[in-house]
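[1] Dropping a prediction and its sequence here:
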Amino acid sequence: MEHLIFVCPATGREIDSGVGSEIGTLLRIRQQNMRALCPACGAWHTWPVRDAFLAKAARHPLGTDSHIA
Ligand SMILES: [Zn+2]
C-alpha cells in the first residue's frame with residue numbers, strides 16, 4: 001500500500017492525503033483528480049493524481065521514471 005503525498009499550494013508543505021492505494025490502481029487513476037482536506041491549511045484542495053508523490057518514493061512524482069542506483 002502506497003500513500004499519496006501532495007504539496008499544499010497555500011503553505012508549500014507536503015501533506016499525506018491519507019489516501020492509500022496500490023501502485024497498479026494509482027497508475028489507472030493518474031489521469032484523474034484527487035480531492036482531500038488539507039491538514040496544513042484546513043482547506044480542500046484538488047490535485048491531479050499524476051502530481052502526487054508516493055510516500056515510499058518521496059520527491060519523485062508519479063510517472064517519473066527514476067531509478068535508484
Ligand atoms: Zn493546504
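    That came through, no problem.
[2] what residue lies at the spatial centre of the protein?
    A52 (2.5 Å; CA atoms, centre = their mean).
[3] Three-state assignment for G42, please.
    coil (DSSP: H, G, I helix; E, B strand; the rest coil).
[4] longest single strand anywhere in the protein?
    In the chain, taking DSSP state E as the definition, the longest strand is strand 14-21.
[5] Which residues does that strand contact?
    1-8, 29, 34, 36, 38-40, 47, 52-53, 55, 58 (CB atoms under 8 Å, 6 or more residues apart in numbering). In short, each C-beta sits where N, CA and C put it, glycine included.
[6] Which of these are buried, as a ChimeraX select command?
    Filtering those down to the buried ones (16 or more other CB atoms under 10 Å) takes a single ChimeraX command:
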select :2,4,5,6,7,8,34,36,38,40,47,52,53
